[in-house]
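> got a sequence here, can you build the structure:
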Amino acid sequence: MLPLDALKDFIKTVPPFHLLSGDTVDELVGTLIIEYFPRGEIILRPEGPAASFLYIIRSGGVRLLSKDGDGLEKVYDYREEGDFFGLLSLLGGEPSPFTIIAEEDTLCYLLRKEVFKNLLDTNPDVFLYFTAGPSKGFKQHAGGMVPEPLATQGLEVQQVLFTGRVREVMHPEVLTCPPDETIVGVARRMTGRGVGSVIVVDDLGIPMGIVTDGDFRGKILAKGTLINVPVIDIMSKPVQAISPDAFCFEAIVSMIINQIKYLIVMDGLKLLGILSEHDLMVSQGNNPVAVIKGIEQASSIDQVVAIRTHIDRAMKVILHHGGMARDLSELITTLNDHLTRKIILLAEEAMFSEGLGRPPVPYSWIALGSEGRREQTLRTDQDNAIVFADVLSEREEEVKRYFLDLAGRVVSGLERCGFPRCKGGIMAVNPKWCQPFRVWKEYYRHWIVDIDHPAEEILQTMIFFDFRSLYGSYDFSTRIAGFISEYLNQREGFLRDMAGTAVFHETPLGFFKRFVVEKSGQHKNQLNLKVHGLTPLVDAVRILALAQRIFETNTLDRISTLLSTGALSQGEADDLRDAFNVIMLTRIRHHVSLISRAEEPDNYINPEDLSIIQRTMLKEAFKAIDKLQRTLELHYGIND
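Below is the predicted model of the structure:
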C-alpha cells in the first residue's frame, strides 16, 4: 500500500480535488478504498447495479463500451491515470450506461457515494467542476444518457444542441386528430392539453398535415368570420418530419429553412413524437445552430467569411463536450456544407445581377474526397467539381464558360473562408473538372475499363469514387453510380489496380509493433496520421465496397453495409470502426490543439506526446488496418 503522504500528493494532482484545502484532502484520503482490477475484468456494466463509488485511476486504464443504434458495442472512450469513471451511475442512481473494462492491470481509489455527495454540498468549486466544467464524467458522453439529477444541476443547454439527438428532447405524446374533425373540436382539445399543435392523420395513423395555433389566428380569426370547418381545410401540408437519430441542431436548421415552428419525428411511417422551437432553445455565440442561422441570413461573401471564424470556436466547444469521431466529422461537414451552398448561391446571384444570367442548364456541385465522405476535419483542402447537363455541341463552350466563371467565384470564396486550394488542382475551377455529363461518363469508363494506367493516375482517380452532389438540380450521383457498376462488370482488374495502390502506404508499425517515425527533417520523431493511418483504411474499405457494388461514400457506412452483406465479419467490422474512430478523434484533437496555439493544423503527431492508453489504441488501430491490407494483397494476388 502506498504511504499516506504519497496518496495525498497524488490526489492533489487530480482535478477537481486539487481545489480542496489541505485539511479536506486529509479527510478525503482517510475515506478512500484501494482496489485492484486485473486486465479484462468488467468493473461496471449496464446490467449491473448502480455504482456505489467514484473510481479514481491510480495506475493502468479502462475502456468504456457503449451500444450503437444497431445494438453493437463500440469503444466509446478510454480513461487512464488521473481520470475517474462511474460518475453518471453514482449520481443518477442507475446502472452504468457503459460497460467499463480494465484495459490493463488497474489500481483505483474508490470514493464512497456519501463522501462524494458531501464534497459537492460543501465545496462550490468542486460542484461547478462536475456540473458545468470539463468533467469527463458526463461531458464525454454524447449519447444522451445523462441522468436527471445531473440534468437539473447545471448541464448546459448547449450540450444538447451540440451532441444530442432528436429522440432525447422530443415530446413522445402527440395530439392527433382525423381530417374530418372540426376546428372547434380540435381547438378545445389543444386547449385542454395545453399544446400549440395537432397532427392530422389518416386511418393508418400516417401524418397528413399539421394545424397550429398560428393557423387558427391566420386562417380563421384574421378573416373575422368563425366557420366550423374540418381541420383538413386549414391544415398545413406536407408536414415536415425528421428522424429521431438526427442531431438536435439539424432540427433547428430545418425549422429555419422551412420557416416553421414544429417538426414531427418519424421512424419510417411511424409517428414517434413532435418538436417545437421552444424545445430547442437557440443560444448565440459558438453554438453551431447560431452559426448556420448566420450563414442562412448572410447577404455577402464578406459576411460568410466573418461567420466562418465561429466554426473553429464551435468545434473547440464540441470537442470539449465530447463525442465520437463520427459525430464531430458530421457536425464539421454539415457546417461546411451550409457555408459552401451559401457561397454558391451568392455567386449565382452576383452573376445574375451582373447580367450574366442564371445557370443555363441544370448542374451539380460535386463534393469529393473527405467532404464527399462526410469525414472532414477542421482544415480540409478543396476537392470539388461541376457536372452539367449535356447540351448541343455548338452551345457547350458557352455553357462551360458560365460554369467556370461560377466555379472561380466559389473557389475564391471558399479560399477566403479558410479552405486551401487543392494542390493537385482537383477543383471545379479547373476546366478538366468542369464538364458535361457525357465527359464525366467517359472519365469513369476510362478509369475503370482502360488498362495500363500510370500509378499516379490511379492514385488521383480514387478521390472521384468518394463523391456526392452538394448543390444543384442535376442528379449526378445516382446516374454515375449505375455506370460505375456497369463498367466494373466489364473489367474487374480495375479493383486489383486500386488495391495495389491502397497497400502502398504502410501503417507506421515496425517488426516489433513499435511506431515507425520520421528519422530526420522537420517532422523528426513524428508520424503522419493521415498518410499512414486514415488513407490506407479509407482506400481499402472503398475497394471492398466497390467490389460489392456498394455506393455509400462514408467509410463507417461502407463498413456497416459490408457487414450486412457478409463481406466483413462482426469482429472485422468492429476492429475497423474502432480504428477509424481512434485515428479521426486523434486527428481532430491534434488540429484543435494546434489551432488554439495559432499554429497551422497538420497530421503529424509525436507518439511520445500521447498517453500509454492512446499509444496502445493507435497501435491496435494500425494493426487492424495492416490486417486489412494483407487481406487485399492475398485476395488480389498483389506482390505474387
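
> am I right that Asp557 falls within a helix?
Yes: counting by DSSP: H, G, I helix; E, B strand; the rest coil, Asp557 falls inside a helix.

> give the contact list for it.
Residues near Asp557 by C-beta atoms under 8 Å, 6 or more residues apart in numbering: none. Where C-beta positions appear, they are placed from N, C-alpha and C, glycine not excepted.

> give me the pLDDT value at it.
Looking at Asp557, its pLDDT reads 93.

> which residues touch the helix or strand containing Val25?
Assignment of secondary structure by DSSP states H and E places Val25 within helix 22-29. In this structure, residues lying in contact with helix 22-29 by C-beta under 8 Å, 6+ apart are Leu4, Leu7, Lys8, Ile11, Lys12, Phe17, Leu20, Leu111, Val115, Leu119, Asn123.

> how about a cut-off of 6 Å?
Applying C-beta atoms under 6 Å, 6 or more residues apart in numbering, the set of residues contacting helix 22-29 from outside is Leu7, Lys8, Ile11.

> can you pull the buried residues of it?
Across helix 22-29, burial judged by 16 or more other C-beta atoms under 10 Å covers Val25, Leu28, Val29.

> now, among the residues you listed, which is nearest to Phe53?
Leu28 (13.1 Å; C-beta to C-beta).

> distance check, that closest one against Tyr36.
20 Å (C-beta to C-beta, to the nearest Å).

> tell me, please, the helix or strand in the chain that averages the lowest pLDDT.
When each helix and strand of the chain is scored by mean pLDDT, DSSP states H and E, helix 148-151 comes last, with a mean of 29.

> Ile234 contacts Asp215, correct?
Yes: counting by C-beta atoms under 6 Å, Ile234 touches Asp215, with 5.2 Å between them.

> run through who's touching stretch 32-43.
Contacts for stretch 32-43 (C-beta under 6 Å, 6+ apart): Ile100, Ile101, Ala102, Glu104, Asp105, Thr106, Leu107, Cys108, Tyr109, Leu110.

> likewise stretch 525-533?
Here stretch 525-533 makes contact (C-beta under 6 Å, 6+ apart) with His505, Thr507, Pro508, Val517, Glu518, Ile583, Arg587, Asn603, Tyr604, Ile605, Asn606.

> helices and strands around the helix ranked longest in the chain, which ones?
Taking DSSP state H as the criterion, the chain has its longest helix at helix 325-353. Applying 3 or more C-beta pairs under 6 Å, 6 or more residues apart in numbering; DSSP states H and E, one finds that helix 325-353 makes contact with helix 288-297, helix 301-321, helix 393-416, helix 570-596.

> want to try JSON lines for those helices, with mean neighbour count, distance to Ala624 and mean pLDDT as columns?
Formatted as JSON lines, the helices and strands packed on helix 325-353 follow (neighbours: other C-beta atoms under 10 Å; distance: least, C-beta to C-beta, whole Å; pLDDT from 0 to 100):
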{"stretch": "helix 288-297", "mean neighbour count": "21", "distance to Ala624": "31", "mean pLDDT": "74"}
{"stretch": "helix 301-321", "mean neighbour count": "18", "distance to Ala624": "24", "mean pLDDT": "71"}
{"stretch": "helix 393-416", "mean neighbour count": "17", "distance to Ala624": "34", "mean pLDDT": "96"}
{"stretch": "helix 570-596", "mean neighbour count": "20", "distance to Ala624": "4", "mean pLDDT": "86"}
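
> just the helices from the stretch 51-200 of the chain, written as ranges.
With DSSP state H, counting those that start in this stretch as the criterion, the stretch 51-200 of the chain has helices at 87-92, 113-122, 124-132, 148-151, 157-163, 183-193.

> weakest of those in terms of mean pLDDT?
Lowest mean pLDDT within these: helix 148-151, at a mean of 29.

> quick one: pLDDT of Thr340?
At Thr340, pLDDT is 93.

> just the element for the residue nearest to it when sequence neighbours are not counted, please.
Distances taken as C-beta to C-beta, 6 or more residues apart in numbering place Leu470 nearest to Thr340, at 6.1 Å, with adjacent residues excluded. Under the criterion of DSSP H and E, Leu470 resides in strand 467-472.

> run the angle between that strand and helix 393-416 for me.
90 degrees (axes from the mean of the first three to the mean of the last three C-alpha atoms, to 10 degrees).

> who's in contact with strand 467-472?
Where contact means C-beta under 6 Å, 6+ apart, the residues beyond strand 467-472 that reach it are Arg341, Ile344, Tyr363, Ser364, Trp365, Ile366, Ala367, Leu368, Gly372, Phe476, Ser477, Thr553.

> give me the pLDDT for the fifth one.
Confidence per residue is given as pLDDT, and for Trp365 that number is 96.

> for it, what are its contacts?
Counted by C-beta under 6 Å, 6+ apart, Trp365 has contacts Ile344, Leu470, Tyr471, Gly472.

> show me what the last one is bridged to.
Counting by DSSP bridges, Gly472 forms beta bridges with Ser364.

> which non-adjacent residue is nearest Thr565?
Closest to Thr565 by C-beta to C-beta, 6+ apart is Gln548, at 5.5 Å.

> if I look at that neighbour, how far off is Ser477?
Using C-beta to C-beta, Gln548 is found at 18 Å from Ser477.

> as a check, name the ranges of all strands in the stretch 451-600 of the chain.
Counting by DSSP state E, counting those that start in this stretch, the stretch 451-600 of the chain has strands at residues 467-472, 527-528.

> repeat for the stretch 1-150 of the chain
Counting by DSSP E, counting those that start in this stretch, the stretch 1-150 of the chain has strands at residues 33-37, 42-44, 53-59, 61-67, 73-80, 84-85, 99-102, 106-112.

> same for the shortest one, what does it pack against?
Here strand 84-85 is seen to pack against strand 53-59 when contacts are counted using 3+ C-beta pairs under 6 Å, 6+ apart.

> show residues contacting the strand it packs on.
79, 81, 83-86, 90, 107-112, 116.

> closest one to Lys623 out of those, please.
Arg79 (21.9 Å).

> can you lay out the strands of the stretch 451-600 of the chain as TSV showing mean neighbour count and mean pLDDT?
As requested, the strands of the stretch 451-600 of the chain are exported to TSV (neighbours: other C-beta atoms under 10 Å; pLDDT from 0 to 100):
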stretch	mean neighbour count	mean pLDDT
strand 467-472	20	92
strand 527-528	20	92
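
> and of the strands of the stretch 1-150 of the chain, who's closest to Arg358?
strand 73-80 (46.8 Å).

> okay then, goodbye and thanks.
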